[in-house]
Structures are given as C-alpha cells and as structure tokens.
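Asks: All I have is the shape, not the residue letters:
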C-alpha cells in the first residue's frame, strides 16, 4: 500500500452507526497512532493494544467528545481496522490458522483477539509517517474532514503535533532499547503493586480520582510516560524512560513535564521526577544530580526497577 492509498482508505472507513449516531472510534484510534508516532512512542510499524495506546485513545475521546461515548471499547476499532485493510492483525506465534478461522467465521472480538499479538501498518505507510511531519499532519487533516470531528475542539489535535524538540523524523527502532523500554513501561503499569515506587506509597494516577491518567499523559509538549501520586506527601511523580536521548535532553524534558504537572496541581502539592534507564552513565547521573527533585532508577533484565545512588 502506498501512502496515498492509505490516506484514501482512512477516508472511507466503515463507521459504527448503531443508534443513529456515527461513532468516532476508528478515526480517533488512527489519530492516537499518529500522535504516538509523532511523539516517538511507536517506533516500528507494530502497533500494540497496550496501556499507552488505550490511554491516548480515551484521552482524545474525552477531549473531543466530553461526556459522550463513555462505554467505548478500543478493542472494536482495533480489530475492525483490519477489515478496512488499514491495519493488519498479526497472530501470536503458532496461531495464524486459528486467527484466519476466527475471522472467517465472524467470531466475537474476544475470540479473534485472543489469537492476536499486535497490529501492523504497511511498511511504506509507517516509513512515511515516521519520516515526515507533513504526512502526520495530512492524516489528521483527512480524519478531521472525513468524519466531521468537532471543529471547536480539533485545535487540541493540532497542538499535539507541536513539540519543543525537532520531530521531523522519528527514530525507527526495532533496536533493543526501544523494544525493552516499551516493555518496561507496560510491565510497570501491570505490576505496579510490586515495584519500589508502590512501596514508597506512590500509586498510579487515576483520572476519576486524581484528575489525570497514568499512562502517556498528553501535554502540549509531549506525552508523560507514567504519572503517579503519593498521597501522604501530597506529591505528584513524573516517570520518564530515557528512550535513547541524550542525558541533558531527557532531564530537560522531565523538568518541563514537572512544570506542566505543577501547573495542574493544587497549591499544597509538589512534583517529583524519576528517570528510568536500562544503563546508567556518569553524564546522566550528573544531569539528574542538577535537579534536587529528580531521582535516577535502573531496570534489570527481569524489568525490576532499582534506585541509583548519585554520589
């Protein structure tokens, strides 16, 4: 599929119109994927139905359609974008025949998705989205126009393509650092109760309780990997994985996130930051040491996270 064919295809999606209302689920899922590619969170053509994608999808849905579509389930557009030939469902090892049979039989989503490892974009499409800001812009523009997304709120989508760091080309990473850091993020969210952070009394943020989600929190500059709150100390905690950036770049980015969170917080609340890496170097330790509200953490081969002493 060429990129032009992809843009044409996304303007002719089969949209759920049950109840006489066109649902924006497929367009917003595609917008979520574009935003995560732009932010460098999706670094290969593989698209996982993980906590990061779910968080961005529901944040966009809440921003563009507040108080509506609260029963939306992301699994439906994720599965049916395969039917539209925009994404391709990738089976788990050994399940290709089972996935084909489940799709051919028109099985329920749960019976199809149990055979699915991820979805994937066409290689040419991903390369176009990852390499050029103008292509990401073009996809969002096509989705807004084709599905009449609320014009008084779509400025929010354009804001998400802004960044304080150059983003014309996204690092394409099937390399170990990219894969393992996505896995660390997912593992931390899924096993939070067993982490050192949980033992410190930090819980992952819950939008209904704290006012902000916990994963890939959308800010005007970028997305926060993980966000937590420590109630006894009235502290917000910003967690950021290094993702191959320079020490100064990642520490500067976390500092900007911390400022943004402080602006959302109540007057009696403070903000701490934590940089999480697979490998520690002296430059990074020095950069973290420059901010007394930052700490440095390292994950091991079992994805357990431990605090690093800076001195």
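Replies: Okay, I see it. Nothing here was measured: the structure is a model prediction, and the numbers come from that model.

Asks: From residue 103, how far off is residue 97?
Replies: For residue 97, the distance to residue 103 equals 11 Å [CB to CB, to the nearest Å]. In short, each C-beta sits where N, CA and C put it, glycine included.

Asks: Name the residues of the lengthiest helix in the chain that are buried.
Replies: If you go by DSSP state H, the chain has its longest helix at helix 247-264. Buried positions in helix 247-264, judged by neighbour count with 16 or more other CB atoms under 10 Å: 247, 250-258, 260-261.

Asks: Ok, stretch 294-302 next?
Replies: Neighbour-count burial for stretch 294-302 flags 294-297, 299 (criterion: 16+ other CB under 10 Å).

Asks: Identify the farthest-apart pair in the residues you listed.
Replies: Within the buried residues of stretch 294-302, 294 and 299 form the most distant pair, 16.8 Å apart (CB to CB).

Asks: so what secondary structure elements neighbour the helix or strand that contains residue 32?
Replies: Counting by DSSP states H and E, the element that carries residue 32 is helix 25-38. Applying 3 or more CB pairs under 8 Å, 6 or more residues apart in numbering; DSSP states H and E, we find helix 25-38 packed against helix 51-64, helix 75-83, helix 123-131, helix 133-146.

Asks: So for the third one, mean pLDDT?
Replies: To tie it back to what came earlier, the one meant is helix 123-131. Averaged across helix 123-131, the pLDDT comes to 96.

Asks: do the same with stretch 238-251
Replies: 82.

Asks: Give me the pLDDT value at residue 192.
Replies: Confidence score, pLDDT, at residue 192: 96.

Asks: you'd agree residue 309 is in a strand?
Replies: No. Read with DSSP: H, G, I helix; E, B strand; the rest coil, residue 309 is coil and lies in no strand.

Asks: coming back round to it: columns secondary structure on top of the buried residues of stretch 294-302, output as a markdown table?
Replies: Formatted as a markdown table, these follow (three-state DSSP):
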| residue | secondary structure |
| --- | --- |
| 294 | strand |
| 295 | strand |
| 296 | strand |
| 297 | strand |
| 299 | strand |
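
Asks: May I see these organised as CSV, with pLDDT and distance to residue 202 added?
Replies: What follows is those, written out as CSV (pLDDT from 0 to 100; distance: CB to CB, whole Å):
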residue, pLDDT, distance to residue 202
294, 96, 15
295, 95, 12
296, 95, 16
297, 94, 12
299, 90, 16
